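Novice: need the 3D shape of this:
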Amino acid sequence: MADLFDRTADAPRPLADRLRPAALPEVIGQEQVLGPDAPLGVMLASGTLSSVVFWGPPGVGKTTIARLLADETQLHFVQISAIFSGVAELRKVFDAARARRRDGQGTLLFVDEIHRFNKAQQDSFLPHMEDGTILLVGATTENPSFELNAALLSRAQVLVLQRLGHDDLERLAARAEEVTGKALPLDAQARAALIGMADGDGRALLNLVEQVLAWKIDAPLDAAALSTRLSRRAAQYDKSGDAHYNLISALHKSVRGSDPDAALYWFARMLDAGEDPRYLARRITRMAVEDIGLADPQAQAICLQGWKTYERLGSPEGELAIAQALVYLALAPKSNAVYAGYKAARRTAKSTGSLMPPKHILNAPTKLMKDEGYGKGYAYDHDAEDAFSGQDYFPDDMDRQAFYEPVERGFERDLRKRIEYFAKLRSQRDA
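Specialist: Okay, the predicted model is just below:
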């Protein structure tokens, strides 16, 4: 008997819930996993759906697709969140799935934020996946390679869901207008601005659309009027997550690729997302050391000056000093010769163990050490012609090595000439 006091059936449903697709073909975007030749399309066509992990940003359809997969395969759909579930709830879920299996009913278990489970909790899924008690569909916004156990990943296929593009979001907005029977009261530029505010998140777009459709206005709004009424959605960014490492990688490679405009763009993106400018100043200084080196010895000093200027001025004025250093780095001649030489020297140092320096370059502060030959035969370079003796400073049991190979760019072009000059003198001394 229905509860006469239950008003949930009459309660208004959010637009995002009303527009939730009823079948997989209605899902907007994600053709790379849902298309006929895409992984899920092939699985469903062959009737052999396996466990999967959806990796992608918020609002791209992870939950919706999981629910529709259960419908397509006649599996009982169970949804849990790793944020709110513990061992006790997992045990109940597995017990219920086992009981359903005995009755001939399979279970699709959708685990949102699956990366939040610890290793032991992730391992608890394995036996139930292997014996067919559950078909696992996980969802994560973090890189599964870093956040999920290898054992779990070996039993589930990772499918990447992408942020929705402009055309996808436009289709979603048009569908909302069709379902509600109302047109968005926006001109073309304002409509484009609204879609940009969603930042690739379909759920965020529908929430924005719902707000706009509720306004009582007489004429379409332009982009400026829209921006005064709505705030742009905060960029998807986690200082310890994928977005952080993806953007700093993009910034670093833009500098290495001598593209100041791209470097400024990624720099601005990170600042807008709330990144600490001091972190960026430190990373930019590292770029000067790693990718420019002695091709432009001033680069490191300019980075340190920009960093120091930021500390004096603070935000936002001081950020311009870091941006100035960033542009200088992007346009500076590039060389990783010292970086490569340093790494090669470290590898060689580890492989040669405890070889002693040659005795002729060891000090002999005691008579015993002199008797042992310490310092014997050392040539004082300032007394030699050209202030260069050409002596060997590597261990006696080790051939001379060449770790530093300057490039023919910037100041390192001069350093290469010096190395070649000393090599010529050394060969003459040896002769």
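Novice: switch to C-alpha atoms for all contacts and neighbour counts from now on
Specialist: Noted.
Novice: how about the strands in the chain?
Specialist: Per DSSP state E, the chain carries strands over the ranges 52-55, 76-81, 107-112, 135-140, 157-160.
Novice: neighbouring strands for the fourth one, and are they parallel or not?
Specialist: Strands flanking strand 135-140 in the sheet, each with its direction: strand 52-55 (parallel), strand 107-112 (parallel) (DSSP bridges).
Novice: okay, angle between that strand and strand 76-81 too, please.
Specialist: 30 degrees (axes from the mean of the first three to the mean of the last three Cα atoms, to 10 degrees).
Novice: need the residues that contact strand 135-140.
Specialist: With Cα atoms under 8 Å, 6 or more residues apart in numbering as the test, strand 135-140 has contacts from 50-56, 62-63, 66, 106-115, 129, 156.
Novice: for the third one, same thing?
Specialist: Residues outside strand 107-112 that contact it (Cα under 8 Å, 6+ apart) are 63, 66, 70, 75-82, 97, 100-101, 133-140.
Novice: one more time with 7 Å
Specialist: Residues from elsewhere that reach strand 107-112, judged by Cα atoms under 7 Å, 6 or more residues apart in numbering: 66, 70, 75-82, 97, 133-140.
Novice: okay, that strand in PDB with CA atoms only?
Specialist: Extracted in PDB, the C-alpha atoms of strand 107-112 (Å, rounded to 0.1, in the frame of the first residue of the first chain):
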ATOM      1  CA  THR A 107      25.500  -8.300 -10.000                       C
ATOM      2  CA  LEU A 108      27.200  -5.200 -11.500                       C
ATOM      3  CA  LEU A 109      28.900  -3.400  -8.700                       C
ATOM      4  CA  PHE A 110      29.600   0.200  -9.400                       C
ATOM      5  CA  VAL A 111      32.300   1.700  -7.100                       C
ATOM      6  CA  ASP A 112      32.600   5.400  -7.300                       C
END
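Novice: and it, how far out from the chain's middle?
Specialist: Centroid separation for strand 107-112 versus its chain: 26 Å, with Cα atoms, centre = their mean, to the nearest Å.
Novice: can you check the second one too?
Specialist: Taking the mean C-alpha point of strand 76-81 and that of its whole chain, the gap between them comes to 29 Å (Cα atoms, centre = their mean).
Novice: also the fourth one?
Specialist: Here the centre of mass of C-alpha atoms in strand 135-140, compared against the chain's by Cα atoms, centre = their mean, lies 21 Å away.
Novice: how about stretch 163-170: buried residues?
Specialist: With burial defined by 16 or more other Cα atoms under 10 Å, the residues of stretch 163-170 counted as buried are 163-164, 168-170.
Novice: can you put those residues in JSON lines and add pLDDT?
Specialist: As requested, the buried residues of stretch 163-170 are arranged in JSON lines below (pLDDT from 0 to 100):
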{"residue": "Arg163", "pLDDT": "90"}
{"residue": "Leu164", "pLDDT": "92"}
{"residue": "Asp168", "pLDDT": "94"}
{"residue": "Leu169", "pLDDT": "94"}
{"residue": "Glu170", "pLDDT": "95"}
